[in-house]
Each structure stands twice: as C-alpha cells, then as structure tokens.
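Novice: Sequence and computational prediction follow.
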Amino acid sequence: MLLKKNAIFAFGLFTFCSIGIAAAQTPPTATTVSRGQIQGQDQGQAQAPPTPAPGQGPAPTAQAAPEKETWNAPFGGSWTATFAFATDYSYRGISQTQRQVAVQPSFTYETPTVTPNVALSAYVGAWGSNVYFGNTNPTIAEVDVIAGLRLKALDGKLTGDLGYIRYNYLGAPSNLFYDFNEFGLVLGYDFGVAAVQAAVRYSPNFFGNSGIAWYKWGQVTVPIPYTFNENVAFKMYGTIGNQYVERFTNYGIGSNNYWDWQIGFTATVYGVDLTIAYIDTHLDVAGCAATMNCDARAVFTISKTF
C-alpha cells in the first residue's frame, strides 16, 4: 500500500511539473470528536477543489472563460453569486461528505477599486456546503464568512488577495470546537501561456481545537487554445499543498502534516463550468481515522456564476 501511495504521489508531482514546463479542500471528515475522523476558496482554491472554497481553486487566465457576470450593488460595488453541484466536497484532499454529493452556493460583494490607476478593492461574502461526518454526528453544513482585500497590477497579470475566513459548522456540538478562524495570502501571475498561484494560510487554533495550523499550496493553470466557438473555453490545472497541524490527533490524522494534490480539466460552456478532477493525498486509511476519505478519487463539479 505504501509503495502504491508513493507511486501515485510521484506521478502527481511529475504531471504537475510537466504542465508547468509545457506552458503550467475544510479539514478531514469527522465522526464524533475529531475532524479527521469524518476539506477548499478560497477558496478560490481551490479551490482548490474543482469548486473552490474561499481562496482555493483554479486561477483565472487571460485566455480562459469570458469575464463572469456581476450585478450592480450599493456604493458603486458589485455582487457575484455562484451555485455549484459536486460529487464530493473535498477540502485539502479529504472528503467532508463521506465521498457523497455536495451542493455549494456562495455570494460576494466587492467594492470598486480605489482609483482607475490603483486596482485595490475590498470584499465580503459567504460560502456554504452540506457536510456529512457520520451517522452519530449532527453537523449538517459548513458556512464560511469571508472578507479581504484584492489587488491587481501590471494590467491585471499580477494579483494578490489578503483574506480572512471564519468557518462555522451548523448543528455541531459546541464542545467539539469545530468553528475556527483562518488568515491567508494568495499571490498570482498570468504569463498568458500559463498562470501560477501560490498561497499560505494560517490558523491560530484549527478545526477541533487542534492548535496552530499552516497550509501552503501552489497551482499552475494552462488555457487550452480553442477557437471553434467563442462561448466555449478549456483549461487544465495542477495543484499541490501541504497541511501542518500542531495537535494532529485532535484533527484525526496520523502525523503533524500531510500532502494533497489534484489534477483537473475544466470546460466552460456558455458560462457553465464543468470540471473533472483527480484528487489524492499521501495519507493511508490508518492515517485518516480508519476511513477512505483521504483516498484517491475523481470528483465532477458543475457550477454557474451569476
């Protein structure tokens, strides 16, 4: 089993690096006490799962899909809303729904930029998903409140996001200490043939009272040239991350850090994003609270931004 995991891990790294050269999840699922016994924007991620939680997900590219629609909002700002359906809610490689389907709505308000020459804006929003941590756990949903600052420079090629996320778990008993805060910095650059992103996220007391946590990840996104129809666009992406948790037994994993990775393909068809992703971690069943929530799997997501 260990050899198999190492082989898959090596293959994921090789593919990820190959994409880069060519161009380019919420904590573990919990049962009753620890999150690890049961994952993204943002992601924006990640998303980065196929459907990003705050700060996770595939990076935008200049040649990818057309600009997302926005609604006019008070004080010159704009609203965006996304509705997604996924075959699994994967947070940093670990299923939050026992490998079952998830429905994930989100909305964001963003202010206008400071000036036409200073592309700095602020945003607030919320992201949600159903969760399933086992028959004996009453937690039914995760609702994240997000806020932060976004900066664009060099004609939008260089991007930065300094953000805050408050994770809230509806129905969870208070003595399990599921709710937590996280702070993050995401930087990206679009080279045209490929876009790269890197991020670091910090929590002073992670899920399940598991102490200090750091998550670092990198991502490469490559648009696939296609000119047959201007309403259709394709891209591929590869992501790799490392999660460190101080009191890892509270989190439900077998060591104080683990690696996760994914390789995905997205087709944007008339404004609808269709994503298929291969997701895996280096954790085996024993290191994932005797569950298969950390094992390799394919996740399909369909989403629409309004």
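Specialist: Alright, I've got the coordinates. Residues are numbered from 1 along each chain as shown.

Novice: ok, and for stretch 189-201, which residues are buried?
Specialist: 190, 194-197, 199, 201 (16 or more other C-beta atoms under 10 Å). Glycine gets a C-beta too; all of them are placed from N, C-alpha and C.

Novice: Next: stretch 275-295.
Specialist: Result for stretch 275-295 [16+ other C-beta under 10 Å]: buried residues 275, 277-283, 287-289, 291, 293-295.

Novice: Quick check: which ranges of this structure have low pLDDT?
Specialist: 1-70, 73 (pLDDT under 70).

Novice: and if we set it to 50?
Specialist: By pLDDT under 50, the weakly predicted segments of the chain are 1-66.

Novice: Find the nearest non-adjacent residue to residue 110, please.
Specialist: Of all residues not flanking residue 110 in the chain, residue 123 sits nearest, at 4.3 Å (C-beta to C-beta, 6 or more residues apart in numbering).

Novice: That neighbour and residue 111 touch, don't they?
Specialist: Yes: using C-beta atoms under 8 Å, residue 123 is in contact with residue 111, at 7.2 Å.

Novice: Next, please give the residue ranges for the helices of the stretch 1-150 of the chain.
Specialist: In the stretch 1-150 of the chain, the helices defined using DSSP state H, counting those that start in this stretch lie at 2-22.

Novice: Ok, the stretch 151-300 of the chain next?
Specialist: According to DSSP H, counting those that start in this stretch, the helices that the stretch 151-300 of the chain contains are 248-251.

Novice: Can I get the buried residues of stretch 189-201 in JSON lines including distance to residue 259?
Specialist: Listed next are the buried residues of stretch 189-201 as JSON lines, based on distance: C-beta to C-beta, whole Å:
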{"residue": "190", "distance to residue 259": "26"}
{"residue": "194", "distance to residue 259": "22"}
{"residue": "195", "distance to residue 259": "22"}
{"residue": "196", "distance to residue 259": "19"}
{"residue": "197", "distance to residue 259": "17"}
{"residue": "199", "distance to residue 259": "15"}
{"residue": "201", "distance to residue 259": "15"}
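
Novice: Bridged to residue 107, which residues?
Specialist: residue 81, residue 126 (DSSP bridges).

Novice: burial of it, as a residue count?
Specialist: Applying other C-beta atoms under 10 Å, we find 16 residues neighbouring residue 107.

Novice: and it, how far is that from residue 236?
Specialist: Residue 107 sits 28 Å away from residue 236, going by C-beta to C-beta, to the nearest Å.

Novice: Residue 148 too?
Specialist: 27 Å.

Novice: Show me which of the two is the more surrounded one.
Specialist: Legend: neighbour count by other C-beta under 10 Å for residue 148 and residue 236, higher for residue 148 (24 against 20).

Novice: For the residue nearest to residue 110, grab the count of nearby residues.
Specialist: Counted with other C-beta under 10 Å, residue 123 comes out at 19.

Novice: residues in contact with it?
Specialist: 108-111, 146-150 (C-beta atoms under 8 Å, 6 or more residues apart in numbering).

Novice: and if you look at residue 119?
Specialist: 113, 151-153, 156.

Novice: With that, I have no additional questions.
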